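S.K.: Need a 3D model of the following:
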Amino acid sequence: MPIIDDIAGLRRILTQSRTLAVVGLSAQWYRPSYFAAKYMQDHGYRVIPVNPRYATVLGERCHPDLRAIREPVDIVDCFRKAPEIPAIAEEAIAIGAKVLWMQLGIVNDEAARRAVDAGLDVVMNRCVKIEHARLLGGLNWAGVNTGVISSRRPVIS
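M.R.: Numbers count the residues shown, from 1 in each chain. So this is what the prediction gives:
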C-alpha cells in the first residue's frame, strides 16, 4: 500500500471506508477535530472518538487509545502533533486499520514508512472533511452542502 496523494486514491479511500477512529478528537465544538468529525458523522461515517480526556464526544463513547477499540477501524484520522504520529501508527497497525490519515499540517515520514511497510495506505497533510467535500460533493461557497441548488443570489437588505 502506498502513500496516497492523488484524487483517485483519496476517492477510493473515502468511498470504501466507513469507520473513522479520530485520535485527538475534542469535545469542544469550535475545534477543527470536532468540526471534521461531525461533518463525517453527518455524511454517514461511523466516528469513534479517541481521547483519554473525555467519556463521550458526538454521542459516541470515547476511547483512551486505539487499542481500546473493539470493532474494525478503516481510517485512523490523526489530530495530533507530528512527533506523536509514530506511536499512533504502531497502534493503527496493531488494530488492523486500513488507512493512517494525518490531518493538515501533519507530516511524519517515519510513521508513513512504517505504516506503508505494514500494508496501510497513508495520507499526509490533508483534511478528511475537505477531501470528502471536494471529491464527493459536500462543498459549496460556505464550505458545507446546504442541499439547495440555485443560481440566484439571495437579496441582501
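S.K.: just the helices in the protein please.
M.R.: Assigned by DSSP state H, the chain shows helices spanning 7-16, 32-42, 85-95, 109-117, 128-136.
S.K.: Output the contacting helices and strands for the last one.
M.R.: Applying 3 or more Cβ pairs under 8 Å, 6 or more residues apart in numbering; DSSP states H and E, one finds that helix 128-136 contacts helix 7-16, helix 32-42. C-betas here are computed from N, CA, C, even on glycine.
S.K.: Most tightly packed of those helices?
M.R.: Here the criterion is mean neighbour count by mean count of other Cβ atoms under 10 Å, and of the helices and strands packed on helix 128-136 the winner is helix 32-42, at a mean of 19.
S.K.: Now do it against helix 7-16, angle only.
M.R.: Using axes from the mean of the first three to the mean of the last three Cα atoms, to 10 degrees, the inter-axis angle of helix 32-42 relative to helix 7-16 is 70 degrees.
S.K.: if we look at helix 32-42, which residues are touching it?
M.R.: Residues from elsewhere that reach helix 32-42 (Cβ atoms under 8 Å, 6 or more residues apart in numbering): 20, 22, 24-29, 47, 49, 57-58, 77, 79, 103, 127-129, 132-133, 138, 144.
S.K.: Return the subset of the residues you listed lying in strands.
M.R.: Leu20, Val22, Val47, Pro49, Val57, Asp77 (DSSP state E).
S.K.: dump the residue contacts of the closest residue to the first one other than its chain neighbours.
M.R.: Counting by Cβ to Cβ, 6 or more residues apart in numbering, Ile75 is the residue found nearest to Leu20 once chain neighbours are left out, at 4.6 Å. Going by Cβ under 8 Å, 6+ apart, Ile75 touches Ile13, Ser17, Thr19, Leu20, Ala21, Ala97, Lys98, Val99, Trp101, Val128.
S.K.: In CSV, list those along with pLDDT and distance to Gln41.
M.R.: Putting these into CSV (pLDDT from 0 to 100; distance: Cβ to Cβ, whole Å) gives the following:
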residue, pLDDT, distance to Gln41
Ile13, 97, 17
Ser17, 97, 14
Thr19, 98, 11
Leu20, 97, 9
Ala21, 98, 13
Ala97, 98, 18
Lys98, 98, 19
Val99, 98, 17
Trp101, 98, 16
Val128, 96, 12
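S.K.: Among these, which one has the most neighbours?
M.R.: Trp101 (31 neighbours; other Cβ atoms under 10 Å).
S.K.: residues contacting that residue?
M.R.: Here Trp101 is in contact with Ile13, Ile75, Val76, Asp77, Cys78, Val122, Val123, Arg126, Val128 (Cβ under 8 Å, 6+ apart).
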